[in-house]
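Q: please find the sequence and the predicted model below.
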Amino acid sequence: MSAESPSPRGVPLLEARDVSASYGHVQALKPTSLHIAEGELVTILGPNGAGKTTLMRALTRLTASKGSVLFRGEDISGLSTHKLARRGIIMVQEGRGLFPQMSVRENLIIGGYLHPADTEEQMGTVFDLFPRLRERVDQLAGSLSGGEQQMLAIGRALMAKPQLLMLDEPSLGLAPRAAFEILNTLRELNRRGIGILLVEQKAPLALRLAQRVYVISLGKIVAELQTHEIKSHHDLARYYLH
Ligand SMILES: Nc1ncnc2c1ncn2[C@@H]1O[C@H](COP(=O)(O)OP(=O)(O)O)[C@@H](O)[C@H]1O
Ligand SMILES: [Mg+2]
């Protein structure tokens, strides 16, 4: 799905070094370092209020932050959303940010503004992933169900041909079945080579998907675990207790 060459061997797709963020005097995100390898699906797991959204927004400087962020070894700290998109970094924010008075098609076209010549082809890819969007192509985004809106938000992100997709709780507010469907699609996208950073509050969903999990609590990463370690120890809960 992407034309760019992968990172040089051993260089992470994304690397954050001591990224922190404050709201006034409150440091909501303590200096945090993390990485996503090329082709990896990594989950940031943590309870409500832990700092997941702050972390994701700090990585893209939507929230003022300190520290540095590297993409394939190049410093991208402070680049605008538009410049990040040009590099292939796309974020699907909590709340989805769709244009409710525009149709499914129009929302997708906007997402594809970087690659106008490929709009039709890319839209076909999105519709193959989410057939429900094809059926509702002329429907207003605001009239879609929650699950369909999330599909559209992800579809719109895909129109930009991301190398790295960052998603903030795409399962939030969805019925279990819709959440499952969305997360399965993320796995499929990852199989196609897109790096994925997924923020998720529901541990079972996160563990089903990710190869590696960072656990965040009170604005700090308190654990980095391989998914299979967690499954064998059933010990995730203790990271939630403070
Ligand atoms: N705009 C803001 N102004 C002040 N405090 C905020 C703001 N956004 C989030 N916070 C606080 O920062 C902490 C982390 O919030 P957030 O990153 O949204 O957590 P999560 O996404 O894990 O639920 C919480 O204590 C929250 O109340
Ligand atoms: Mg959040």
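A: That came in fine, so what should we check first? Ligands and ions are numbered 1, 2, ... in the order given.
Q: got the buried residues for the longest helix anywhere in the chain?
A: Longest helix in the chain, counting residues (DSSP state H): helix 176-191. The neighbour-count check on helix 176-191 (16 or more other Cβ atoms under 10 Å) flags A178, A179, E181, I182, L183, T185, L186, L189, N190 as buried. Every residue, glycine included, has its C-beta placed from N, CA and C.
Q: what's the mean pLDDT across that helix?
A: The pLDDT scores in helix 176-191 average 93.
Q: returning to that earlier point: ok, the buried residues of helix 176-191 vs ligand 2, which is closest?
A: Distances from the buried residues of helix 176-191 to ligand 2 were compared by Cβ to the ion; the smallest belongs to A179, at 15.4 Å.
Q: the residue lying closest to that closest one once chain neighbours are set aside in helix, strand or coil?
A: Nearest non-adjacent residue to A179, counting by Cβ to Cβ, 6 or more residues apart in numbering: S171, 3.6 Å away. What DSSP: H, G, I helix; E, B strand; the rest coil gives for S171 is coil.
Q: interface residues of the chain facing ligand 2?
A: K52, T53 (Cβ under 5 Å from the ion).
Q: which helix or strand contains the residue of the chain found nearest ligand 2?
A: Taking Cβ to the ion, ligand 2 has its nearest neighbour within the chain at T53, 3.2 Å off. Assigned by DSSP states H and E, T53 belongs to helix 52-59.
Q: from H115, how far off is I36?
A: Using Cβ to Cβ, to the nearest Å, we find I36 at a distance of 23 Å from H115.
Q: neighbour count: those two, which is higher?
A: Neighbour comparison, I36 and H115: the larger count goes to I36, with 21 against 14 (by other Cβ atoms under 10 Å).
Q: what sits against the more buried one?
A: I36 makes contacts with P12, L13, L14, E15, V42, L164, G195, I196, L197, as judged by Cβ atoms under 8 Å, 6 or more residues apart in numbering.
Q: the fourth one bridge partners, please.
A: On DSSP bridges, the residues paired with E15 through beta bridges are H35, L70.
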